[in-house]
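have a look at this fold, sequence not included:
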């Protein structure tokens with residue numbers, strides 16, 4: 001298993017296979033993650049903050065494309081967190097989307113003002129992003 005800093009995932013594309021379920025984290029999951037990160041940042045003698053493993057298979061390492069076997073639920077909130085800070089560190093490619101719908105939705109997430117219930121995936125993603133915004137505001 002290879003350890004990587006999130007910054008090392010710059011310009012990666014994570015392909016979410018057709019058979020994977022959509023993103024389903026709740027606001028409580030997001031708050032726990034953010035509180036945990038805050039606690040770590042307040043530790044004087046920081047060593048390393050490790051996430052649970054993310055399992056990927058290289059599709060094309062030269063293009064930094066990886067199929068996600070396990071880890072979409074963790075990659076998504078970190079993507080949203082980076083988007084909150086106006087930076088896109090990596091991107092997603094969803095096999096089951098015909099017109100890159102979710103990818104386009106994610107790229108415009110910083111402009112949403114309320115939960116989007118047009119599609120179930122949009123609902124969970126928008127709710128997670130709004131939770132991040134609220135957490136930082138408070």
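Okay, I see it. All values reported here derive from a predicted model rather than from experimental measurement.

mind listing the helices for this structure?
Listed in chain order, the helices of the chain (DSSP state H) span 27-41, 72-84, 101-107, 120-137.

which of these has the highest mean neighbour count?
Most buried of these by mean neighbour count (mean count of other Cβ atoms under 10 Å) is helix 72-84; its value is a mean of 20. The way it works is simple: take the backbone N, C-alpha and C, and place the C-beta from them, glycine included.

tell me which other helices or strands that one touches.
Packing contacts for helix 72-84, counted by 3 or more Cβ pairs under 8 Å, 6 or more residues apart in numbering; DSSP states H and E, involve strand 13-16, helix 27-41, strand 91-94, helix 101-107, helix 120-137.

next, the contact list for the residue most central in space within the chain, please.
With distances taken as Cα atoms, centre = their mean, residue 76 lies nearest the centre of the chain, 1.8 Å away. Listed by Cβ atoms under 8 Å, 6 or more residues apart in numbering, the contact partners of residue 76 are 23, 25, 92, 125, 128.

look up how far residue 61 lies from it.
Distance of residue 76 to residue 61, given as Cβ to Cβ, to the nearest Å: 23 Å.

kindly report the same for residue 125.
Relative to residue 61, and taking Cβ to Cβ, residue 125 is found at 28 Å.

next one: residue 8
13 Å.

surely residue 105 meets residue 125?
Yes - counting by Cβ atoms under 8 Å, residue 105 touches residue 125, with 6.8 Å between them.

appreciated, that's everything.
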